[in-house]
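Enquirer: Structure for the following, please:
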Amino acid sequence: MTTSEELRVLTFLHRHGTASLAVLARACLPGLPAEWVDRVVSNLDWLGYVTVYGEGSGQAVLQLTEKGRAYFGGALRSRERLAALRSAAVAQPQG
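Expert: Have a look, this model is predicted:
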């Protein structure tokens, strides 16, 4: 299971393909300390959802992997199913 911060990063990368660490921090994780951003990215890399390029150069770039795309699609479908179940429970026919 991923955290909300990790899901935000996966969503951003799904829409944009690749992004630098600085762009991700500004767009997805504003206000978080650099250590926490590094922790989120490291966890996604460890899980195999992203690949980090140029890590030692200070210009790290992230790219979503196939596993990351598959997880993102599954997480999105799960949320859509949950929303559909909730709406079905609210809108039960009266009879």
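
Enquirer: Any stretches of the chain with poor pLDDT?
Expert: Within the chain, the ranges that satisfy pLDDT under 70 run 1, 55-58, 75-95.

Enquirer: ok, now with 50
Expert: For the chain, the stretches with pLDDT under 50 are 92.

Enquirer: Could you tell me whether Ala19 really is in a strand?
Expert: Yes: Ala19 forms part of a strand when assessed by DSSP: H, G, I helix; E, B strand; the rest coil.

Enquirer: Identify the residue nearest it in space, chain neighbours excluded?
Expert: Sequence neighbours aside, Leu62 is the residue nearest to Ala19 in space, at 5.9 Å (criterion: C-beta to C-beta, 6 or more residues apart in numbering). (Glycine included, C-beta is placed from N, CA and C.)

Enquirer: Surely the one you found touches Gly17?
Expert: No: counting by C-beta atoms under 8 Å, Leu62 stays clear of Gly17, with 9.9 Å between them.

Enquirer: Of these two, which one has the most company?
Expert: Taking neighbours as other C-beta atoms under 10 Å, Leu62 and Gly17 compare with Leu62 leading, 27 against 10.

Enquirer: and the more buried one, how far is that from Phe12?
Expert: Leu62 sits 9 Å away from Phe12, going by C-beta to C-beta, to the nearest Å.
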